[in-house]
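Student: Need a 3D model of the sequence below.
(chains A and B)
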Amino acid sequence: MTTEFTLLALVGASVVTGLFFGKAAKKAGLPSIIGYMVLGTLAGVSVLGIFHHAHLRELAFVTDIALGFVAFSIGSELKLSTLRSLGRSIGLIIILESTGALVMVAALVYAVTGDIVTSLIFGALAPATAPAGTVAVIREYRAKGRLSSSLYAVAGFDDGVAILLFGFTAAIARQLLLAEAGLASGSLIAGLARPAAEILFSLLTGGALGFLYSYLLRKLDSSSNIPALTFGFVLFGAGLATMFHLSLILVNMGIGFVLANTNRQSTVTSVNDQLRSLMPLLFILFFFLAGAHLNFAALPAMGITGMAYILGRSAGKIGGAWLGAFMGKAPETIRNNLGLGLLSQAGVAIGLALLVSQEFSAVGTEKALMLGSSVITTITATCIFFEIIGPITARIALRNAGEIGAD
Amino acid sequence: MTLSSLPLMAVVGGAVILSLYAGRLARKTGLPSLVGYMILGVILGSSVLGVLSAEGTRTLSFLTDIALGFVAFTIGSELNLRELKKLGKGIIYIILAESFAAFFMVAGAVWILTGNLPMALIFGALAPASAPAGTVAVIQEYGAKGKLTSALYAVVGFDDGLAIIIFGFASAAARNILDPAASSGLMHSVLHPAGEILFSILAGGFLGVLLTVLGRKLRPLTDVPSLFMGFVAVAAGIAQWLHLSLILTCMMLGFVLTNTTPVATVKSMMGQLRTWMPFLFIPFFFLAGAHLDIAALPSLGLIGVVYILARTAGLMGGARLGAVIGRSDDNIKKYLGFGILSQAGVAIGLSMVVLGQFEALGTPEASSIAVNVITTITATCIIFEIIGPIGAKYALQKAGEIRRKT
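Tutor: Here you go, the predicted model:
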């Protein structure tokens, strides 16, 4: 019991200190969330160890809630009219930056390892993007404009594409692995059906919750109840997603999306206004915890494969976004900058890496076991890089595009 | 992400949504919304549907601590010394009179009923403790303002300190009677509660100064909720950790802030929090409801009925007496007693302390008293948790201090 209450005090102290680390980061020309992450790193497993793994497990729900709100706010920015004005370039960008990352990583990893299964697995993990960093930066600088809207759309929908690509590629890799070992393999269709079903059910759940939410929102007798209703739905969506193994991001994005597209703009604005005072606290907690999770001892394990992954993923995202924007005839600011806003990668990728290692340990061959554990250590290391660099490049992108207002 | 936490998130989310409608239903029947939240909690909780299991409510206990911390913080921030002076010395008389009257009325009545002096002392010792959350939530829901409202803030805030002192003395005396040999001396039993209060005030005061200094440096107001949330969590965590009074510690936090910062600044800071309050109240009260063990109600028995009647009479009579002596405002004289009837977590917590202390004595008589106390207090808290907010609303309405029609 005592430790639990100490945890309360620790969390409180982290929030207060985090506020000032954020200010310091801002003074240094970095997004505040970098400050929160630095503080988290100092307090977390890598340095001081004040927050250890048991604490972090107990606080995992905070990360889920924060991610739920991030996804909800992404959805609420995606008005169909805005999407239509952004044009079909958005669709092309999403597909090309995702597959670009996959192809580039797979190619580079193949070049350094010469192993097709390894390269496919790392390629499968590359498309996943962590939207929280990008959204936090857009919110902090109150960025507005074509690039900001495009970033919302791409960072949100890209989760769906990433799930599909991962499911597909990982299934092929597993197939090859089994064939190499001379074991019987299941059907490839099953490997595809599951991610497709995951996306479909995520969107259906999010959509249904979104309609219920919008209906109840319109009938609400007092606007002071808006935060509670929103909080309830975000929590409920996140809970359902984890319960049925759906995508938390897509479910909550669905709720926000339906809200934005079935209500008057004034309603959407009032929901967002009410949430404005909530988001800073969630971001502090989320990025503090993200920092506390970072395990710098994993960095040396990155090795040459990790380098290839970082290079390939960055080149694939930036190049793919450029190509998509070029083919879709998007303006130059988007072509040159959008990829920079998509580099964050964090919890989702590590979750997928865990999934890989579980599936591979079920395969049971020596190579599978080795590959499973090397994927986890490598991705943990590369995520450190992408989590820190992502928000910084997102800010650079927004500034280049001139979408950061006078602060 | 442990497996057990997965459904819990959905349960809490669903409960928050349903609470809004339970609250609306309650308002339609003229009751404060929080009665609706609590009834929903009872239905979802382990005594009826069991959707919110006992383990689930334990996992969520940190929510209750933070919410209670915020309630105490809000109370502290309303206690502007200049405003308090306007209320006059009356407020001190009221706090003293209602607390001691509740103690003596309950102790006397239970003694007459059972003839058991230690038991009577314990029940008396538990009577002054009040639960500020119910009263504060009602004040905020109806946007109440005025002399009675200010007096209520002051009374429910400060009477926690007095309740701890009275409890410390009386429970020590009861232990002395039961087992003169085992007592650790009267000095210790005086020093212990006094130390608890002193350290609560010191810790809260120190944190309050820190909050004020840091708050001044903070420019965008959107950061204020994070700062407050952080400090309340620190204060609540430290209080639990060092076994201090959570209410007093967090109250001091707000008290120092409000008395060292310009009124307009405090107003705009607290305004940022307004969005948050319903948010904190809803989980707080449905968790309180989920905790209520309806099965305990039949064990209320004669002692419970006597406790309820004597405590009510003591608090209302005492408040009136204090107001008369201190020449308080008419509205305060007539209605303040109705606003301070809530009793919940603190009283149950104190009866847990009794259980621990008395079982350590090791005599069968002591154990039977302790068990009797804990079941009775659990049952009477159910009653007081429900009539408390209703009484508070009645008081504010009669005094004409309700601003917001709902």
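Student: where exactly do the strands run in chain B?
Tutor: Under the criterion DSSP state E, chain B carries no strands.
Student: where does chain A dip in pLDDT?
Tutor: A:1-5, A:183-191, A:301, A:405-407 (pLDDT under 70).
Student: repeat that for 90
Tutor: A:1-203, A:216-231, A:238-253, A:256-257, A:259-312, A:314-407 (pLDDT under 90).
Student: residue in the stretch 51-200 of chain B nearest to chain A?
Tutor: Of all residues in the stretch 51-200 of chain B, the one sitting closest to chain A is residue B:62 (5.7 Å; C-beta to the nearest C-beta). All C-beta atoms are positioned from the backbone trio N, CA, C, and that covers glycine.
Student: tally of neighbours for that residue?
Tutor: Neighbours of residue B:62 under the rule other C-beta atoms under 10 Å in any protein chain shown: 19.
Student: How about it, nearest residue that isn't a chain neighbour?
Tutor: residue A:8 (5.7 Å; C-beta to C-beta, 6 or more residues apart in numbering or on different chains).
Student: Double-check that neighbour against residue B:239; I have them as touching.
Tutor: No - taking contacts as C-beta atoms under 8 Å, residue A:8 lies outside contact range of residue B:239: 9.5 Å.
Student: what residues does whichever helix or strand residue A:134 is part of touch?
Tutor: Using DSSP states H and E, residue A:134 sits in helix A:131-140. The contact list for helix A:131-140 (C-beta atoms under 8 Å, 6 or more residues apart in numbering or on different chains) reads A:31-33, A:66-67, A:70-71, A:73-74, A:143, A:148, A:151-152, A:155-156, A:159, A:249, A:279, A:283, A:286-287, A:341-342, A:344, A:346, A:387, A:390-391, A:394-395, A:398.
Student: next one: the host helix or strand of residue A:73 to chain centre, how far?
Tutor: Per DSSP H and E, residue A:73 falls inside helix A:60-77. Between the centre of helix A:60-77 and the centre of its chain there are 10 Å (C-alpha atoms, centre = their mean, to the nearest Å).
Student: same question, stretch B:38-52
Tutor: 22 Å.
Student: pLDDT value on the spatially most central residue of chain B, please?
Tutor: Of all residues in chain B, the one closest to the mean position by C-alpha atoms, centre = their mean is residue B:131, 2.0 Å from it. Note on residue B:131: pLDDT of 78.
Student: Distance-wise, check it relative to residue B:36.
Tutor: 17 Å (C-beta to C-beta, to the nearest Å).
Student: Return the residues in contact with residue A:388.
Tutor: Going by C-beta under 8 Å, 6+ apart, residue A:388 touches A:34, A:37.
Student: what's the following helix or strand after the helix holding residue A:73?
Tutor: Per DSSP H and E, the first helix or strand lying C-terminal to helix A:60-77 is helix A:80-86.
Student: Which neighbouring elements make contact with that following helix?
Tutor: Counting by 3 or more C-beta pairs under 8 Å, 6 or more residues apart in numbering or on different chains; DSSP states H and E, the packing neighbours recorded for helix A:80-86 are helix A:146-180.
Student: got the buried residues for whatever helix or strand comes next after the helix it packs on?
Tutor: Toward the C-terminus, helix A:146-180 is succeeded by helix A:188-219 as the next helix or strand (DSSP H and E). The neighbour-count check on helix A:188-219 (16 or more other C-beta atoms under 10 Å in any protein chain shown) flags A:191, A:195, A:198-199, A:201-203, A:205-206, A:209-210, A:213-214, A:216-217 as buried.
Student: what's the angle between helix A:188-219 and helix A:146-180?
Tutor: In terms of direction (axes from the mean of the first three to the mean of the last three C-alpha atoms, to 10 degrees), helix A:188-219 departs from helix A:146-180 by 150 degrees.
Student: any chance you could map the helices in the stretch 251-400 of chain A?
Tutor: Using DSSP state H, counting those that start in this stretch, the helices of the stretch 251-400 of chain A run over A:265-276, A:279-293, A:303-327, A:332-337, A:347-363, A:366-400.
Student: Perfect, that will be all.
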